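Chemist: sequence and predicted structure, then a few things I'm wondering about:
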Amino acid sequence: MTANVRLVPAGVLDDLRRRAALGDAVQQVVQETKVLATHHAATLFALRTTVQRADTATAYLNAATDDLTVAVLRRTRAVCLLEAIDTTGLPPAAAAQIRIACRVLEYGGEEGPG
């Protein structure tokens, strides 16, 4: 059995070790970069999802506000029309019903104070 032994100058070995260490360092940087890129992508996805949810919630709130505004305007208009009725010639029961209807509209379905 013959062994091939080759002598390599120490400087060459040192250079090879340095290159190997640099290669390991580069691999470590590559791995860390991949991890950071993955974290960045996940964060970006979460932010986009949050923005989309916020946009959807804002749209729902805007629609609800519009519906509420319309309901308030209709109720206010109904109260104005009822208050405009001249109750002087009406029987007392009818006049009382008109007053009750006004209070019910003003207090959202409750008769409200006396």
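Modeler: The structure has been received and is ready for your questions.

Chemist: center of this protein, which residue is that?
Modeler: The chain has Ala54 as the residue nearest its centroid, 2.4 Å off, counting by Cα atoms, centre = their mean.

Chemist: quick one: secondary structure of that residue?
Modeler: Classification of Ala54 using DSSP: H, G, I helix; E, B strand; the rest coil returns helix.

Chemist: check the one 4 residues further on too.
Modeler: When states are read from three-state DSSP, the local structure at Thr58 comes out as helix.

Chemist: list the helices and strands the host helix or strand of Ala42 packs on?
Modeler: With secondary structure defined by DSSP states H and E, Ala42 is part of helix 10-83. Applying 3 or more Cβ pairs under 8 Å, 6 or more residues apart in numbering; DSSP states H and E, one finds that helix 10-83 contacts helix 92-106. No exception for glycine: its C-beta is placed from N, CA and C like everyone else's.

Chemist: just the CA trace of the helix it packs on, in CSV.
Modeler: Extracted as CSV, the C-alpha positions of helix 92-106 are listed here (Å, rounded to 0.1, in the frame of the first residue of the first chain):
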residue,chain,number,x,y,z
PRO,A,92,-108.5,65.5,22.1
ALA,A,93,-107.7,61.8,21.6
ALA,A,94,-106.5,62.4,18.0
ALA,A,95,-104.3,65.3,19.1
ALA,A,96,-102.9,63.2,21.9
GLN,A,97,-102.0,60.4,19.4
ILE,A,98,-100.2,62.9,17.2
ARG,A,99,-98.2,64.2,20.2
ILE,A,100,-97.4,60.6,21.2
ALA,A,101,-96.3,59.8,17.6
CYS,A,102,-94.0,62.8,17.7
ARG,A,103,-92.4,61.7,21.0
VAL,A,104,-92.0,58.1,19.8
LEU,A,105,-90.2,59.3,16.7
GLU,A,106,-88.0,61.7,18.7
